[in-house]
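Trainee: sequence plus predicted model, see below.
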Amino acid sequence: MPPARPRKKTTAPGFEPLKTERLMLRPLAPTDAEALHRLVNDFEVVRNLEVVPFPYPRDLADDWIASTAREIGAGTAYHLAITGDEDGQEVLVGVVGLRLEKATRTGRLGYWVGRRFWGHGVATEAAGRLIRWGLANLNIDHIVADVATDNPASAAVLRRIGLRQTGEGEGKFLARGRSTPIWLFAATRNDIFGHTEVAPNEAGGKPLLLVAACALIDTDGRILLARRPEGKKMAGLWEFPGGKLNPGETPEVALIRELKEELGIDVSAACLAPFAFASHAYDTFHLLMPLFLCRRWKGTPTGRENQTLAWVWPQKLTDYEMPPADKPLIPLLRDFL
């Protein structure tokens, strides 16, 4: 008998598991291989997966799990174990993944769930959580997916989590050994997180949203950007810190409040210098945003709302995807600084 094949080790450093009400999404580990093989080596599961063979070789589970760790490390794909709890024990339920297409800033969604877990909303809960995380934390603006036309349950999952059917096509499903008609689905950030809500305009035009923003500039001449966290409108885009004006607030007062709440820093009105403003028509409202410069504050800026912060050189600002209203401000700041 030949010696046992050594198991390949896999790690995904720096990736924090994603939690839902019932599930955990985490990097796959070598110890998941046996359970993964039992669940996926089922024709009723793999018949709906384009690149998975049937029968599914046991060694393929080891190799594929190792590849998922390398892809997470490289930032090219995020295939995660879907696990639940049964009698206090973690149980593998399925897999959900996003493969990144960097040229188009797109994440391609895929998932499968073991047959004994069907009918419990697992795919909806896991896939919805992953795409919300992906749009908020990865350099993508779109989600795409496809599903065989004879798999209406999966199509219903995609619709429930916010994807829209955009067309039809043909897909080659390895386990079936033939091409199969498919439905194409896609979603933007607005499809998943929704539009910003603004009070109606009594004059009948688009409502006006007044927002104050601040370019904090450190002693090296870098500018602070904040990434909108998951759960907020336009999550995943980078912006200048700030926020909406409350009734009766001036832009300076609103900024002092927002910078304290968002970043934990204290700023005085005397240190806020008016610089420029943005005026931009979104689909459902018109944004007016004065931008202030600030070089002096007390405290260390810290993301207090789970937002990621980045100190950015002026000439590198265009490397960060920002809301349309913010983009015209970049050349003004670059020229000034």
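Mentor: Thanks, I have it. Numbers count the residues shown, from 1 in each chain.

Trainee: C-alpha only now, for contacts and for neighbours.
Mentor: Will do.

Trainee: how about the helix or strand where residue 335 lies, which residues are buried there?
Mentor: Counting by DSSP states H and E, the element that carries residue 335 is helix 329-336. Residues 330, 333 are the ones in helix 329-336 that count as buried (16 or more other CA atoms under 10 Å).

Trainee: tell me which residues are up against it.
Mentor: 276-278, 314-315, 317-318 (CA atoms under 8 Å, 6 or more residues apart in numbering).

Trainee: rerun at 6 Å
Mentor: Contacting residues not belonging to helix 329-336 are listed as residue 314 [CA atoms under 6 Å, 6 or more residues apart in numbering].

Trainee: extract the CA atoms of that helix and return them as CSV.
Mentor: Written as CSV, here are the backbone C-alpha positions of helix 329-336 (Å, rounded to 0.1, in the frame of the first residue of the first chain):
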residue,chain,number,x,y,z
LEU,A,329,-12.6,68.0,-5.3
ILE,A,330,-9.5,65.9,-5.9
PRO,A,331,-7.7,68.0,-8.5
LEU,A,332,-8.4,71.1,-6.4
LEU,A,333,-6.8,69.6,-3.3
ARG,A,334,-3.9,68.2,-5.4
ASP,A,335,-3.1,71.6,-6.9
PHE,A,336,-3.4,73.4,-3.6
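
Trainee: chain center to it: distance?
Mentor: 28 Å (CA atoms, centre = their mean, to the nearest Å).

Trainee: same check on stretch 243-257?
Mentor: Worked out by CA atoms, centre = their mean, stretch 243-257 lies 29 Å from the chain centre.

Trainee: buried sites along that stretch?
Mentor: Of the residues in stretch 243-257, 243-245, 251-257 count as buried by neighbour count, 16+ other CA under 10 Å.

Trainee: and the longest strand for the chain?
Mentor: Secondary structure of the chain per DSSP state E: the longest strand is strand 89-101.

Trainee: quick one: buried residues of it?
Mentor: Neighbour-count burial for strand 89-101, counted by 16+ other CA under 10 Å, picks out 91-100.

Trainee: which stretches of the stretch 1-150 of the chain form helices?
Mentor: Assigned by DSSP state H, counting those that start in this stretch, the stretch 1-150 of the chain shows helices spanning 33-40, 43-46, 58-74, 122-137.

Trainee: which other helices and strands does the longest one contact?
Mentor: It stands for helix 58-74. Helices and strands touching helix 58-74, as assessed by 3 or more CA pairs under 6 Å, 6 or more residues apart in numbering; DSSP states H and E, are absent.

Trainee: that helix to strand 89-101, inter-axis angle?
Mentor: 60 degrees (axes from the mean of the first three to the mean of the last three CA atoms, to 10 degrees).

Trainee: okay, the angle between helix 58-74 and helix 33-40?
Mentor: Comparing the axes of helix 58-74 and helix 33-40 via the same axes, to 10 degrees yields an angle of 110 degrees.

Trainee: contact partners for residue 108?
Mentor: Listed by CA under 6 Å, 6+ apart, the contact set of residue 108 reads 98-99, 143-145.

Trainee: can you get me a residue count around residue 87?
Mentor: Residues near residue 87, counting by other CA atoms under 10 Å, number 6.

Trainee: please disregard the earlier target; I meant residue 300.
Mentor: 10.

Trainee: what does the pLDDT read for it?
Mentor: pLDDT, residue 300: 96.

Trainee: nearest residue to it in space, please, no chain neighbours.
Mentor: residue 265 (6.4 Å; CA to CA, 6 or more residues apart in numbering).

Trainee: and for residue 252?
Mentor: Nearest non-adjacent residue to residue 252, counting by CA to CA, 6+ apart: residue 269, 5.9 Å away.

Trainee: quick check: bridge partners of residue 211?
Mentor: residue 244 (DSSP bridges).
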